[in-house]
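Trainee: model this:
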Amino acid sequence: MTKSELIAKLAALNPHLYQRDVERIVATIFDEITNALARGDRVELRGFGAFSVKRRDSRTGRNPRTGEAVSVTEKRVPYFKTGKDLRDRINREFAAELAARAEPKPEAGKDMG
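Mentor: All right, here's what the predicted structure looks like:
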């Protein structure tokens, strides 16, 4: 789902809100998460997950074209860890999908009685 698809879905689910207001709400939420991570803060959305920043040490990498050693500086990278409720819901729906695929289907042309 893209950001514009998310906005369209939220606007459809909330007909009392103008789409421009939904766009502003979504942009504000994303901006606040981004600003918090830029400050080094952690953002936790209970049941959904937690955004944080991890530090990657400097290292020696390789240029994939030439194989030449390249110095890669230390950097900070965003990290997302799913919440328990989200993980459970995904796995529950995945298990249901697997069970539906595993159900034996009657063969075409065979007598069922």
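
Trainee: low-confidence stretches in the chain?
Mentor: For the chain, residues meeting the criterion pLDDT under 70 lie at 105-113.

Trainee: what ranges does it have for its strands?
Mentor: For the chain, applying DSSP state E gives strands covering 43-45, 49-56, 59-62, 69-72, 75-82.

Trainee: any chance of those strands in JSON lines, plus mean neighbour count and distance to residue 2?
Mentor: Every C-beta, even on glycine, is put in place using the N, C-alpha and C of the backbone. JSON lines is the format used below for the strands of the chain (neighbours: other Cβ atoms under 10 Å; distance: least, Cβ to Cβ, whole Å):
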{"stretch": "strand 43-45", "mean neighbour count": "14", "distance to residue 2": "20"}
{"stretch": "strand 49-56", "mean neighbour count": "14", "distance to residue 2": "19"}
{"stretch": "strand 59-62", "mean neighbour count": "10", "distance to residue 2": "31"}
{"stretch": "strand 69-72", "mean neighbour count": "10", "distance to residue 2": "31"}
{"stretch": "strand 75-82", "mean neighbour count": "12", "distance to residue 2": "17"}
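
Trainee: so for residue 29, which of those strands sits nearest?
Mentor: Nearest of those to residue 29, taken as Cβ to Cβ: strand 43-45 at 9.7 Å.

Trainee: now what about the closest one, what contacts it?
Mentor: Strand 43-45 is contacted from outside by 32, 33, 36, 37, 50, 51, 52, 83, using Cβ atoms under 8 Å, 6 or more residues apart in numbering.

Trainee: closest to residue 92 out of the strands of the chain?
Mentor: Per Cβ to Cβ, nearest to residue 92 of these: strand 75-82, 13.6 Å.

Trainee: chain center to that closest one: distance?
Mentor: 12 Å (Cα atoms, centre = their mean, to the nearest Å).

Trainee: kindly report the same for stretch 72-81.
Mentor: Counting by Cα atoms, centre = their mean, stretch 72-81 is centred 17 Å from the centre of its parent chain.

Trainee: about what we covered before: how about the strands of the chain in CSV, adding distance to residue 100?
Mentor: Formatted as CSV, these follow (distance: least, Cβ to Cβ, whole Å):
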stretch, distance to residue 100
strand 43-45, 30
strand 49-56, 27
strand 59-62, 45
strand 69-72, 46
strand 75-82, 24
